[in-house]
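> Quick one, fold the following:
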Amino acid sequence: MKTTLTLTQRNLTVFFRDVGAVSLSLVASLVLFVLYVGFLGGLQVDSLQAQFPDASVDNINWFVSTWVFAGIVMITTVTTGIAGLGTFVSDRSSGRYRDFLVAPVKSWQLIAGYMVSSALVAIVMSGVVLLIGESYLLARGYPVAGALAMLQTLGYIVLLSLTFSGVSAFVVTFIKSIGAFAALSTVVGTLVGFLAGAYLPLGLLPPAVVNAINVLPFSQASMLIRIPLTEPAIEAVTGNQVQAVAAVRAFYGVDLSVGDFAITQGLAVGLLFAVMVVFATVATLRIRKVLQK
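Residues are numbered from 1 along each chain as shown. Sure, this is the predicted structure:
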């Protein structure tokens, strides 16, 4: 255990000392924030004002802001987790991992060090982004999430970080160079934003596309983050009218369904946990194979 903790600490130190790696891991989140501050947020506000003329502009802006930051937090759990595995790619491309194996370090300890550090990077960075988002809301004069909502969101952040770190660990076993890893990180950051319904509300897409996206873990992950963060704002915008609440939640991906089948919070948590177990297991086997070469 001590060896694993030492390796984890080493990987965390390497990552956080690399300002470029930390910055790159947040590019997708920053792009989404800039897009919404620039013009996409205004489009959503105008659309909601047309649908709910009795709603105050402040409440509409509050909802749009919470919805955007929920998407940003979810994207961060993916992009920072994969960035945290840059140490593995670097060690592999340089052959440095062989030095560890010569020392009295078992392969499972080395694997655990890579995967645990990746998950911790995602948890810490996503938590920081969440706090920045809440600080932004406070600075704009909007209500912030309550203690229970924050705890629920943090719990989901831990789950998502573990899940997507497992997925990322599997993916990076096919990457052999730092250049390819940087390209992968860029593509993943862009693609995840779309698959999570963070760039545009799912309600703007064709039903067949929405069904396909909702099957994937990314939209389900976004749903889990959106629920505790956006619920009060949705109620404020709609006047808590049942049909209006349901319509907004479905349009903005707070409630998901595939056809007529509703994806509940419990089901989403179960599916993400299953994804975590499967990919973490396969990634462990793949990394062990790489280390034995």
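
> Quick check, pLDDT for I227.
I227 is assigned a predicted lDDT (pLDDT) of 96.

> That one contacts T264, doesn't it?
No: if you go by C-beta atoms under 8 Å, I227 and T264 don't touch, sitting 10.5 Å apart. Placement of C-beta: from N, CA and C, glycine included.

> These two: which is more packed in?
Here I227 and T264 are compared on neighbour count by other C-beta atoms under 10 Å; more neighbours surround I227, at 20 against 12.

> Look up the closest residue to the more buried one, ignoring the ones flanking it.
Nearest residue to I227, sequence neighbours excluded (C-beta to C-beta, 6 or more residues apart in numbering): V254, at 6.0 Å.

> That neighbour looks like it's in a helix, true?
No: applying DSSP: H, G, I helix; E, B strand; the rest coil, one finds V254 to be coil, outside a helix.

> Burial check on Q265, number of neighbours?
16.

> how near is it to Q243?
21 Å (C-beta to C-beta, to the nearest Å).

> same question, G203
In terms of C-beta to C-beta, G203 sits 15 Å off from Q243.

> Comparing the two, which residue is more hemmed in?
G203 (15 against 8).

> and that one, what is it in contact with?
210, 250-253 (C-beta atoms under 8 Å, 6 or more residues apart in numbering).

> Now find how far off-centre stretch 254-261 is within its chain.
Remark: stretch 254-261 is offset 20 Å from the chain centroid, using C-alpha atoms, centre = their mean, to the nearest Å.

> Rounded mean pLDDT for that stretch, please.
Mean pLDDT, stretch 254-261: 93.

> same thing with stretch 123-143?
Computed over stretch 123-143, the mean pLDDT rounds to 93.

> Go through the contacts of G203 and name the one nearest V144.
Nearest to V144, judged by C-beta to C-beta, of the contacts of G203 is Y252 at 19.5 Å.

> Tell me the confidence at the closest residue to the closest one other than its chain neighbours?
Closest residue to Y252 apart from its sequence neighbours, by C-beta to C-beta, 6+ apart: P201 at 4.9 Å. As predicted, P201 sits at a pLDDT of 90.

> Contacts only, for P201.
Going by C-beta under 8 Å, 6+ apart, P201 touches 44, 251-253.

> From those, keep the buried residues only.
44, 251-253 (16 or more other C-beta atoms under 10 Å).

> Please, where are all the helices along the stretch 151-293 of the chain?
Using DSSP state H, counting those that start in this stretch, the helices found in the stretch 151-293 of the chain span residues 178-195, 207-215, 217-238, 242-251, 265-291.

> For Y156, which of those helices is the nearest?
helix 217-238 (4.5 Å).

> What separation do you get for V19 and S135?
Counting by C-beta to C-beta, the separation of V19 from S135 is 22 Å.

> higher neighbour count, those two?
More crowded of V19 and S135, by other C-beta under 10 Å: S135, with 11 against 8.

> Run through the residues that contact the nearest residue to G127 once chain neighbours are set aside.
Nearest residue to G127, sequence neighbours excluded (C-beta to C-beta, 6+ apart): I157, at 6.2 Å. Residues in contact with I157 (C-beta under 8 Å, 6+ apart) are 73, 77, 123, 126-127, 130, 225.

> redo that, cut-off 10 Å
By C-beta atoms under 10 Å, 6 or more residues apart in numbering, the residues touching I157 are 73-74, 76-77, 122-127, 129-130, 221, 224-225.

> In helices only, show me those.
Residues of those located in helices (DSSP state H): 73-74, 76-77, 122-127, 129-130, 221, 224-225.

> Next, the contact list for the residue most central in space within the chain, please.
In the chain, the C-alpha nearest the mean C-alpha coordinate belongs to M74, at 2.7 Å (C-alpha atoms, centre = their mean). The contact partners of M74, by C-beta under 10 Å, 6+ apart, come to 29, 126, 129, 156-157, 160, 164, 192-193, 196-198, 218-226.
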